[in-house]
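Novice: With the sequence up front, the predicted model follows.
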Amino acid sequence: MWLQQLSLTDIRSYAQADIQLFPGVTCFIGSNGQGKTNIVETIGYLATLRSHRVASDTPLVREGCDFGIVRAHVIEGDRHVTIDLQITSGQANKARINRAAAGRARDILGIVRVVMFAPEDVSLVKGDPSERRAFLDDVIIQRSPRMAGVRADYDRVVKQRSALLKSGGRDPYLDSTLDIWDEQLATLGAEITDARVRLVAELEPFVRERYASVAGEHSDTHITYQPKCAVTMVDSVDAWRELLLTAAGDRRHEEIQRGVTLVGPHRDDLELSLDGHPVKGYASHGESWSFALALRLASADVLRSDGVDPIVILDDVFAELDVGRRERLAAMAIEGTQTLITAAVAEDIPASLTGIRYEVRKGSVTAQAA
């Protein structure tokens, strides 16, 4: 898979930008604040409908504009697809696929597959569980776009169920109403939990292999999905549903007292260990970076196992790494069909990563002479 053309209208710092892209390596070089990350952020957004930098869509629209438009032409084998996505502040986004209106913006999911490396990735190791849950869900949604709807429905159930719990003392039918919400929570939550557990099982051997490659040494790495609803794992959606229903019943009194939903995949974590110790709190800075990179590389391996080679994006990553990790990551990053790189200065990019280079300056993108 590769992106041939990207056009931005009123997106971030760009009033208008039209960028021609090619297979192989393309580098965007520019000082901080010039707009290079805005380009790759937009490409990542097409794959997940989520920015790796901000929680809402509003900052993606250029200041003073009501909406922005992203157009991308994607090639996968003999298949050519054009996506038009209108991002509107405070409203539902609109999409077109090959000029035909899509029913929902999330209908574009699965057309573009992206694995992005960014300075924020160290939070996969050192950050809150929500960072690791989002990492798993982004991979799952790229593989199975319908899961975006499941996750959205689940988030809505948790929000409304928690609102009910907060006002529980004033509702004479609280238990019967909660029974209805518990059914929805368990049904949707079971799908998400089962998908995450299965993904982690696929990721683990790749993580072990990729960590050794990035770090330059073999270590005992493990990733384990840790659901809060059970101490033992089960192997079907139905079984997860029963566990979630039981857990919700067991913790109902506590939930009413605290006014919050304490059961479900929104409370789970992905546990990471290195040589028998939790990575968070024990690993060095270099080990933490190696583990974060291994997670991203492993996610690319899983996507490739489906027969689709993802676009690889390296956003200002090389400046964060020592020389050894920088060279080893560079060697692995060019395994795919298309690799997009951003850097503040050309010297940050390993010499092995030759290809097209663009200068990014004050919202303009200009090809550099060969």
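Specialist: Done, it's in.

Novice: show me where this structure has helices.
Specialist: 36-48, 123-126, 129-143, 146-166, 174-215, 237-250, 252-258, 279-282, 285-305, 323-333 (DSSP state H).

Novice: Out of those, flag the one nearest G264.
Specialist: With CB to CB as the criterion, G264 lies closest to helix 174-215 of these, at 4.5 Å. Where you see a C-beta, it was placed from the backbone N, CA and C, and this is true even at glycine.

Novice: Now do that closest one and helix 323-333, the angle between them.
Specialist: Put simply, helix 174-215 runs at 110 degrees to helix 323-333, going by axes from the mean of the first three to the mean of the last three CA atoms, to 10 degrees.

Novice: returning to what we had before: want to try a markdown table for the helices of the chain, with mean neighbour count and mean pLDDT as columns?
Specialist: Below are the helices of the chain laid out as a markdown table (neighbours: other CB atoms under 10 Å; pLDDT from 0 to 100):
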| stretch | mean neighbour count | mean pLDDT |
| --- | --- | --- |
| helix 36-48 | 23 | 94 |
| helix 123-126 | 20 | 93 |
| helix 129-143 | 20 | 96 |
| helix 146-166 | 17 | 95 |
| helix 174-215 | 19 | 95 |
| helix 237-250 | 18 | 95 |
| helix 252-258 | 14 | 91 |
| helix 279-282 | 16 | 90 |
| helix 285-305 | 22 | 94 |
| helix 323-333 | 17 | 86 |
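
Novice: Go through these and name the closest to A92.
Specialist: With CB to CB, the closest approach to A92 among the helices of the chain belongs to helix 146-166: 11.6 Å.

Novice: Tell me the helices and strands packed up against the closest one.
Specialist: helix 129-143, helix 174-215, helix 252-258 (3 or more CB pairs under 8 Å, 6 or more residues apart in numbering; DSSP states H and E).

Novice: go again using 7 Å as the cut-off
Specialist: On a contact count with 3 or more CB pairs under 7 Å, 6 or more residues apart in numbering; DSSP states H and E, helix 146-166 meets helix 129-143, helix 174-215.

Novice: Any chance you could list what contacts it?
Specialist: Residues outside helix 146-166 that contact it (CB atoms under 7 Å, 6 or more residues apart in numbering): 106, 109, 137, 140-141, 171, 177-178, 181, 184-185, 188-189, 191-192, 195, 255-256, 259-261, 264, 266.

Novice: Using the centroid of this protein, identify the residue furthest from it.
Specialist: P172 (41.6 Å; CA atoms, centre = their mean).

Novice: Give me the distance between it and G324.
Specialist: 66 Å (CB to CB, to the nearest Å).

Novice: Over to G64: give its phi and psi.
Specialist: phi 90, psi -10 (degrees, to the nearest 10).

Novice: Tell me the spatial nearest neighbour of V54, not counting adjacent residues.
Specialist: Leaving out its chain neighbours, the residue that sits closest to V54 by CB to CB, 6 or more residues apart in numbering is L60, at 7.6 Å.

Novice: So that neighbour versus S213, what's the distance?
Specialist: 34 Å.

Novice: just Y282 next, same as before
Specialist: 21 Å.

Novice: How about A101?
Specialist: 44 Å.

Novice: cool, M147 as well?
Specialist: From M147 to S213 the distance is 29 Å (CB to CB).

Novice: go on, F22?
Specialist: Taking CB to CB as the measure, F22 falls 26 Å from S213.

Novice: okay if I get the helices and strands packed on helix 146-166 as CSV plus distance to S162?
Specialist: CSV is the format used below for the helices and strands packed on helix 146-166 (distance: least, CB to CB, whole Å):
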stretch, distance to S162
helix 129-143, 16
helix 174-215, 10
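
Novice: mind checking which of those helices is nearest C27?
Specialist: helix 174-215 (20.6 Å).

Novice: which residue sits closest to the residue nearest in space to the middle of the chain in space, ignoring its chain neighbours?
Specialist: For the chain, the residue nearest the mean C-alpha position is D138 (3.9 Å; CA atoms, centre = their mean). Distance criterion CB to CB, 6+ apart; nearest residue to D138, sequence neighbours excluded, is T48 at 4.8 Å.

Novice: is it true that that neighbour touches R143?
Specialist: No: between T48 and R143 there is no contact under CB atoms under 7 Å: 11.6 Å.

Novice: Relative to L297, how far out is the residue nearest to V54?
Specialist: 27 Å.

Novice: Over to R132?
Specialist: For R132 relative to L297 (CB to CB), the value is 16 Å.

Novice: ditto for E335
Specialist: Taking CB to CB, one finds E335 at 9 Å from L297.

Novice: tell me the domain ranges of the chain?
Specialist: With domains defined by automatic domain parsing, the chain comprises 1-113+308-370, 119-306.

Novice: Quick one: end-to-end length of the longest one, please.
Specialist: Pointing back at domain 119-306 there. 27 Å (CA to CA, to the nearest Å).

Novice: Thought V115 was touching A300, still the case?
Specialist: Yes: if you go by CB under 7 Å, A300 and V115 touch, sitting 4.3 Å apart.

Novice: Can you check which residues contact both of the two?
Specialist: Shared contacts of A300 and V115 (CB under 7 Å, 6+ apart): 310, 312.
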